[in-house]
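> Can you look at this prediction? I've put the sequence above it.
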Amino acid sequence: MSIHESGLEDRTLTGGLTVHPVGIGCWAIGGPDSNLGLPMGWSTADDAASLRGLETAYEMGANLFDTADVYGHGHSERIIGRFLHQVPRTSVVLSSKVGYFAGTAEHPYVPTHMRRQLETSLENLDTDHLEIYFLHNANFGPDDRYLEEAIDTMRDFQEEGLIGCVGMRGPHRFVTDRLTVPKEQREDKHARFRYLFDQIQPGYLAVRYNALTPPPPAGGPDIFAFAAEHGASVLINKPLGQGLLTGKYDPARPPAFAAGDHRLRKAWFTPQALGIIDRGLEPLRQRFGPDRQGLVRAALGYCVQHAENAAVLVGFTTPQQVAENLTAAGSPLSAEDVVFIRESAGRLQQELDAAGEVFLDETEARAHDPRG
């Protein structure tokens, strides 16, 4: 167990994996992309900056790198592979995912397709194994046709030494469900998660969590406590709300994203939503400082300090962001700070929820617009 310059201690998670509590999410470095008829990438990535960002993260003590086969359809993995040529393989923990790209297969979880995807991921990363391999979504075909085979395939990968631990998503909906399934017909994502958890028995959960995440319903289990009870660990994604919690976006000058950027279909990047968020962040600016660093410290600390059986994955497009994130995460929050963040973010969350239907209608219409 080591303590880094940031003051953060390594954590030992499921499978005996020792990681810096702040890992690196590598979705953004996959660049612009589309999948399932929707923009799914990031138009703001630059390969040289991405590689330098990975190097900066490693130099500052981060050793967990999370990617997926569909992030740039292998581009993210290949950049990580270039980075891995510079460091001992035993010094990093690699996580990737399968399930959102079918290629020419009938379904992404057809066993032969899963094997091809894993082999390609390993080739892209220039490694012979992954420490963690995730089932990227909960769509296993009609009547869960491919569920049992997908589980068996993951266990085969483990027995062959190709992967260490199996992961799955926390409660979530398949990316196209909001566009294709009427709200009243959508199944209970929490019940679905519990059912799949019992079937898959994963070692890791991938969970979207940040200061805007509402507490579990009264009497409902905290997902981190649930994981700990079952011997699993959690990889937290979107801790900064994809930059929304850092004050990065000016509502007076809303961002313009290029083709292949998933933010084109996200309501929270519209001027109206950005205005609500900007006003809602003001109490946090007053307490933690007016610059980005103070807001990053609040947002990351809120997640890092929530549970010991978790690591926080932070995405990036520049090495400067990596350095700022890892530096900010090393300044611990007090218990009073955490309560203040939750209360302030809770008020912001309520405002966003109240306006959410308007944003959703606008975004869904835009997602179907062939002009993007």
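Received the coordinates, thanks.
> pLDDT score assigned to the closest residue in space to Gly170 that isn't next to it in sequence?
Ranked by C-beta to C-beta, 6 or more residues apart in numbering and with sequence neighbours excluded, the top spatial neighbour of Gly170 is Val207, at 3.9 Å. All C-beta atoms are positioned from the backbone trio N, CA, C, and that covers glycine. We have a pLDDT of 97 for Val207.
> Provide the secondary structure category for Val207.
Following DSSP: H, G, I helix; E, B strand; the rest coil, the label given to Val207 is strand.
> Am I right that Pro239 falls within a strand?
No: secondary structure assignment places Pro239 outside any strand; it is coil (three-state DSSP).
> Spit out the contact partners of Ala68.
Remark: with contacts taken as C-beta atoms under 8 Å, 6 or more residues apart in numbering, Ala68 is in contact with 27, 76, 96-98, 100, 134, 136.
> Make JSON lines from these and add pLDDT, secondary structure and neighbour count to it.
Compiled in JSON lines, the contacts of Ala68 are given as follows (pLDDT from 0 to 100; DSSP: H, G, I helix; E, B strand; the rest coil; neighbours: other C-beta atoms under 10 Å):
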{"residue": "Trp27", "pLDDT": "98", "secondary structure": "coil", "neighbour count": "24"}
{"residue": "Ser76", "pLDDT": "98", "secondary structure": "helix", "neighbour count": "31"}
{"residue": "Ser96", "pLDDT": "98", "secondary structure": "strand", "neighbour count": "30"}
{"residue": "Lys97", "pLDDT": "98", "secondary structure": "strand", "neighbour count": "25"}
{"residue": "Val98", "pLDDT": "98", "secondary structure": "strand", "neighbour count": "27"}
{"residue": "Tyr100", "pLDDT": "97", "secondary structure": "coil", "neighbour count": "18"}
{"residue": "Phe134", "pLDDT": "98", "secondary structure": "strand", "neighbour count": "25"}
{"residue": "His136", "pLDDT": "98", "secondary structure": "coil", "neighbour count": "22"}
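> what's the farthest-apart pair in those residues?
Considering C-beta to C-beta, no two members of the contacts of Ala68 lie farther apart than Trp27 and Val98, which are separated by 14.8 Å.
> Okay, strands next: where are they in the protein?
Assigned by DSSP state E, the strands in the chain fall at 11-13, 17-19, 22-25, 34-35, 38-39, 64-66, 93-98, 130-135, 163-169, 204-208, 233-237, 310-314.
> roughly how far apart are the residue nearest the centre of the chain and Cys303?
Nearest to the centroid of the C-alpha atoms of the chain, with distances taken as C-alpha atoms, centre = their mean, sits Asn237, at 3.0 Å. Separation of Asn237 from Cys303 (C-beta to C-beta, to the nearest Å) stands at 10 Å.
> what do you get for Phe197?
From Phe197 over to Cys303 (counting by C-beta to C-beta), the distance is 21 Å.
> Also Gly37?
Using C-beta to C-beta, one gets 32 Å for the distance from Gly37 to Cys303.
> All the helices of the chain, residue numbers only.
Under the criterion DSSP state H, helices of the chain are mapped to 47-59, 75-84, 111-125, 147-159, 177-180, 189-200, 223-229, 271-280, 282-288, 292-304, 319-329, 335-367.
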